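1. Model the structure of this input:
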Amino acid sequence: MFTERVTLRHLAHAAPAVAALREPSGRDEMSVEGVDTRAAVALLERLLRSEAAAISPATRLAACDRDALLAALHRQLWGDTIRSTLACAHCGECFDLSFELSAVQRHLAAAASGWHAASDGCVANEAGIAYRVPTAEDETGAVAEGTRDAVTALAARCGVAPADVEAAAAALESGAPIVDLELDARCTECGNRQLTHFDLQSFLLQRILNERPALLAEIHLLADGYGWSLRDILSLARRTRRSLASIAADARSRAAARARRPLSP
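-> Numbers count the residues shown, from 1 in each chain. Reported below is the predicted structural model:
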C-alpha cells in the first residue's frame, strides 16, 4: 500500500516530481532512532518510491517537500487529525488539542505571498530575486559545522550573504513553508489561551517511537502464536502485522476463557 501521491516542488536542478511512500514494515518502524532531520531523512529514504532519480537520496529533499511526504505518511498511519494532550500553563489541568493536518497545509499554502517555486530548487518573486531552498543535506551540514549561528551557516551553504539572511528567511517562509508553527490553544477547564509549538517532523517520529512497546508486544504475540521468526514478522507491512496480532490476541483470549470454564458433570 502506498501513501497519497505528493508533488515535490523544490527539487534542485529538476522539474517538480510526484512521489509516494510505501507502507512501513516493522523493520522500518524499528529503524527510527530519533526525531531530528537525520532520522526523518533515513525513514523517508527507506519508504520513498519514485521514478524520478532526482528525488533520491532523500537528503536532496527540501524541508517543505519532506514535510509534505511526512504529512502523507501521517494520514496513511493515523489519519488526518492531529491529537495531543496539553497541560494548561494557568491551571495545570490537562486538555485535548486536535486539528486537521490538511487544513494547516492549506492555510500555509494560501498564506504564500509574492514567492513561488522555481524549477531550480529556489523560491523566486516577480522581480527576479531568488533564494535556494535548503535541503536536508544543507541542514545536517550546517549543524555538523558546529558554529554558534546555525542559521547563518545554513544561509551560507545556500549562497545567501549575511545581510540577506532575514529577507531569505521571509521568502522561504512564504514560498516554501514547513509545518512548524505556533498554535493558539484554549484550556477547556479555565478558558486560558496559550501558544503551543507544533513541528510535524518531530511529532510524527516521536509517535512512531512511542509505539515501540506496542510493536514489541505484537512481535512477541505473533512469534508465540505462530512460531514465526523475528525476520519474518518485521518484514510484514504494518497493517498486516497489526491485524494478525489482533486475531492472535482474540484467539488467545478465547482459549483462556475456555480454560477457565468449569467442567460439566
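
2. what about the nearest residue to residue 174 once chain neighbours are set aside, how many neighbours?
-> The shortest distance from residue 174 to any non-neighbouring residue, by CB to CB, 6 or more residues apart in numbering, is to residue 115 (4.6 Å). C-beta: built from backbone N, CA, C; applies to glycine. Neighbourhood size, residue 115 [other CB atoms under 10 Å]: 22.

3. residue contacts, residue 115?
-> The contact partners of residue 115, taken as CB atoms under 8 Å, 6 or more residues apart in numbering, are 123, 124, 125, 171, 174, 175, 176.

4. and the second one, how many neighbours does it have?
-> To tie it back to what came earlier, the one meant is residue 124. If you count neighbours by other CB under 10 Å, residue 124 ends up with 18.

5. gap between the residue lying closest to it once chain neighbours are set aside and residue 118?
-> Leaving aside its sequence neighbours, residue 124 sits nearest to residue 130 (CB to CB, 6+ apart; 4.0 Å). According to CB to CB, to the nearest Å, residue 130 and residue 118 sit 6 Å apart.

6. Look up the residues that both of these two are in contact with.
-> Common contact partners of residue 130 and residue 118 (CB under 8 Å, 6+ apart): residue 124.

7. Contacts for stretch 154-173 next, please.
-> With contact meaning CB under 8 Å, 6+ apart, stretch 154-173 is reached by 115, 123, 125, 129, 131-134, 138-139, 141-142, 151-152.

8. gap between it and the chain center?
-> Relative to the centre of its chain, stretch 154-173 is centred 25 Å away, using CA atoms, centre = their mean, to the nearest Å.

9. what mean pLDDT does it have?
-> Stretch 154-173 shows a mean pLDDT of 90.

10. mind listing what's buried in that stretch?
-> 154, 155, 156, 157, 158, 160, 165, 168, 171, 172, 173 (16 or more other CB atoms under 10 Å).

11. from the residues you listed, which ones fall inside helices?
-> 154, 155, 156, 157, 165, 168, 171, 172, 173 (DSSP state H).

12. picking up where we left off before, can you pick out the most distant pair from the contacts of stretch 154-173?
-> Largest separation among the contacts of stretch 154-173 by CB to CB: 125 and 141, giving 26.7 Å.

13. which stretches of the protein form strands?
-> Using DSSP state E, the strands of the chain run over 6-8, 17-21, 48-49, 81-87, 94-100, 116-117, 122-124, 130-132, 180-186, 193-199.

14. TSV for those, including mean pLDDT?
-> Below are these laid out as TSV (pLDDT from 0 to 100):
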stretch	mean pLDDT
strand 6-8	91
strand 17-21	89
strand 48-49	81
strand 81-87	93
strand 94-100	93
strand 116-117	88
strand 122-124	92
strand 130-132	92
strand 180-186	92
strand 193-199	93
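
15. can you redo these as a markdown table with distance to residue 38?
-> Formatted as a markdown table, those follow (distance: least, CB to CB, whole Å):
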| stretch | distance to residue 38 |
| --- | --- |
| strand 6-8 | 19 |
| strand 17-21 | 18 |
| strand 48-49 | 15 |
| strand 81-87 | 23 |
| strand 94-100 | 27 |
| strand 116-117 | 25 |
| strand 122-124 | 24 |
| strand 130-132 | 21 |
| strand 180-186 | 17 |
| strand 193-199 | 15 |
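
16. For residue 242, list the residues it contacts.
-> Residues near residue 242 by CB under 8 Å, 6+ apart: residue 218.

17. any idea how far it is from residue 150?
-> Look at residue 242 and residue 150: by CB to CB, they are 39 Å apart.

18. what's the answer for residue 142, then?
-> On the measure of CB to CB, residue 142 and residue 150 end up 5 Å apart.
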